[in-house]
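> Fold the following for me, if possible:
(one chain, ligands or ions: 2)
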Amino acid sequence: MRWTLVVPLKPLARAKSRLSATAGDGLRPGLALAFAQDTVAAVLACAAVRDVAVVTDDALAGRELSRLGARIVPDAPRAGLNAALAHAAGVVRTARPTSAVAALNADLPALRPDELARVLETAAEFPRAFLPDAADIGTTLLAAAPGVELRPVFGTDSRARHRNSGAVELTLDAVDSVRRDVDTGEDLRAALALGVGPRTAAVAARLLIPEQ
Ligand SMILES: Nc1nc2c(ncn2[C@@H]2O[C@H](COP(=O)(O)OP(=O)(O)OP(=O)(O)O)[C@@H](O)[C@H]2O)c(=O)[nH]1
Ligand SMILES: C=C(OP(=O)(O)O)C(=O)O
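Numbering: from 1, shown residues only. Ligands and ions are numbered 1, 2, ... in the order given. Take a look at the predicted model:
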């Protein structure tokens with residue numbers, strides 16, 4: 001089974017607010033874009049993925065991510081993350097009615113295509129399945145088989161909320177890169193230790209080595 005992935009991204013100026021102690025206003029939007037670029041590049045390199053739609057109203061991110069090969073879906077109905085994901089899943093299914101669809105966060109700069117492929121292969125065994133984040137509190141991926149509605153409930157305590165919604169929790173070993181979302185400075189250090197993509201590495205180098 002090959003998948004269509006839906007990746008949500010807020011406007012860069014507002015993204016990654018919890019990284020403000022690590023990256024000032026000058027660098028944070030670029031860091032959020034670098035995370036999204038490295039995430040989308042890894043998704044597009046994954047053999048289990050047919051195509052990627054990024055849900056965003058950010059013009060710069062839209063240009064840069066479509067250059068990588070993503071389709072850009074405008075953020076509608078502008079009622080937050082879950083409404084945007086549900087809308088985008090509907091849009092991609094209009095084009096491909098029988099597609100398996102998965103939502104994946106845009107803040108996975110250490111993402112490895114082979115690990116994503118293993119997660120998607122396992123998700124394909126269930127109508128709906130999700131992968132908890134590295135902290136075991138949130139969610140990095142929510143998958144729906146062909147013909148099954150995505151019904152996303154990302155946000156606070158989304159691991160419990162996705163479990164309560166009937167989605168199957170995936171408990172795989174050695175898929176750390178798919179679970180390693182970056183919300184804080186400590187998360188960024190953990191992602192750097194796993195090994196991040198080239199765009200995040202370049203911005204992180206500027207963060208850690210201040211310019212003269
Ligand atoms: N399209 C879209 N994406 C969103 C929206 N809200 C959040 N996202 C994206 O969903 C994922 C998780 O978002 P959050 O944790 O709420 O925000 P964040 O920018 O990652 O981090 P904080 O600002 O620190 O909360 C990220 O990929 C965000 O860019 C929204 O309203 N629309
Ligand atoms: C929105 C979520 O991600 P974050 O950890 O970035 O808040 C979530 O885990 O449901």
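> buried stuff in the helix or strand encompassing residue 114?
Following DSSP states H and E, one finds residue 114 within helix 113-123. Neighbour counts over helix 113-123 (16 or more other CB atoms under 10 Å) mark 113, 115-120, 122-123 as buried. Just so you know, the C-beta spots here come from the backbone N, C-alpha and C atoms, and that holds for glycine as well.
> Strands along this protein, start to end?
3-8, 49-55, 71-73, 100-104, 128-132, 139-144, 168-169 (DSSP state E).
> what's near enough to touch the closest residue to residue 75 other than its chain neighbours?
For residue 75, ignoring the flanking residues on the chain, the nearest one in space by CB to CB, 6 or more residues apart in numbering is residue 57 at 4.4 Å. Each residue near residue 57 by CB atoms under 8 Å, 6 or more residues apart in numbering is listed here: 11, 74-75, 78.
> This protein: helices as residue ranges?
For the chain, the helices defined by DSSP state H occupy 28-44, 59-68, 81-95, 113-123, 158-164, 176-179, 185-194, 198-208.
> ok, so what distance separates the most centrally placed residue in the chain from ligand 2?
Centroid-nearest residue in the chain, with CA atoms, centre = their mean: residue 105, separated by 1.9 Å. As judged by CB to the nearest ligand atom, to the nearest Å, residue 105 and ligand 2 stand 6 Å apart.
> I figured that residue was touching residue 179, is that so?
No - in this structure, residue 105 is not within contact of residue 179 by CB atoms under 8 Å, at 10.2 Å.
> Now for those two: what residues contact both?
133, 140.
> Within range of ligand 1, give me the residues from this structure.
Counting by CB under 6 Å from any ligand atom, the residues of the chain close to ligand 1 are 8-10, 15-18, 55-56, 75, 80-81, 84, 105-107, 183.
> Can you lay out the strands of the chain as a markdown table showing mean neighbour count and mean pLDDT?
Converted to a markdown table, these look like this (neighbours: other CB atoms under 10 Å; pLDDT from 0 to 100):
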| stretch | mean neighbour count | mean pLDDT |
| --- | --- | --- |
| strand 3-8 | 24 | 98 |
| strand 49-55 | 21 | 98 |
| strand 71-73 | 19 | 98 |
| strand 100-104 | 26 | 98 |
| strand 128-132 | 23 | 98 |
| strand 139-144 | 26 | 98 |
| strand 168-169 | 15 | 98 |
